[in-house]
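S.K.: Let me see the structure of the following:
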Amino acid sequence: MRQLAVAAALFGALLPTTASAHPAVARSARIAAVPTGQVYFWPKSGQMGGAWDYSPPGYKEATPPVKRSAVSFDSHASVTVYAISYQNGGGCLYRAIHPDDYSENWEWAGKFDGVSNTTMGCEAG
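M.R.: Numbers count the residues shown, from 1 in each chain. Modelled structure (predicted):
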């Protein structure tokens, strides 16, 4: 019985350390998943679903399933890039994505039409 109590106490002491190390492990896996110089966009939260990639420079039009539905992204580009959203009736908006920026549940998901290394004359949005 005493051995069981010692084992339970040891397990309890290790549990907080393991739980706090989890975010670092998740961050390491995230960093390794996207190649240097690229930005990945996913159609589901938590970087799930088929990834769509962008490498600067230039503009690249998003394709389904991420066009107007890029729910998460991860940038390993060495420069700031700009998500572009074309508006009904003309005009466009941009949202800056800085190097090492990422989102697991991106608020711009329903606006995303493409990405560029310039603002393309769009307004901040």
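S.K.: hey, where'd the helices end up in this structure?
M.R.: 2-33 (DSSP state H).
S.K.: in it, which helix or strand is least confident?
M.R.: Of the helices and strands making up the chain, the lowest-confidence element is helix 2-33, at a mean of 42, by mean pLDDT, DSSP states H and E.
S.K.: what about residue 109, neighbour count?
M.R.: Residue 109 is flanked by 20 other residues according to other C-beta atoms under 10 Å. All C-beta atoms are positioned from the backbone trio N, CA, C, and that covers glycine.
S.K.: Now it: closest residue in space, sequence neighbours ignored.
M.R.: residue 71 (4.6 Å; C-beta to C-beta, 6 or more residues apart in numbering).
S.K.: if I look at the one you found, how far off is residue 78?
M.R.: 25 Å (C-beta to C-beta, to the nearest Å).
S.K.: between those two, which one's more packed in?
M.R.: Taking neighbours as other C-beta under 10 Å, residue 71 and residue 78 compare with residue 71 leading, 24 against 10.
S.K.: isn't the more buried one right next to residue 106, touching?
M.R.: Yes - using C-beta atoms under 8 Å, residue 71 is in contact with residue 106, at 5.9 Å.
S.K.: pLDDT score for residue 1?
M.R.: Each residue has a pLDDT score; the one for residue 1 is 46.
S.K.: Pull up the gap between the closest residue to residue 81 other than its chain neighbours and residue 89, please.
M.R.: Using C-beta to C-beta, 6+ apart and skipping residues adjacent in sequence, the residue nearest residue 81 is residue 97, 5.1 Å away. Counting by C-beta to C-beta, the gap from residue 97 to residue 89 is 25 Å.
S.K.: Residue 102 now?
M.R.: 32 Å.
S.K.: if we can go back for a sec, just give the number of residues close to the residue nearest to residue 81.
M.R.: 24.
S.K.: The one 4 residues further on too?
M.R.: Other residues within reach of residue 101, judged by other C-beta under 10 Å, total 15.
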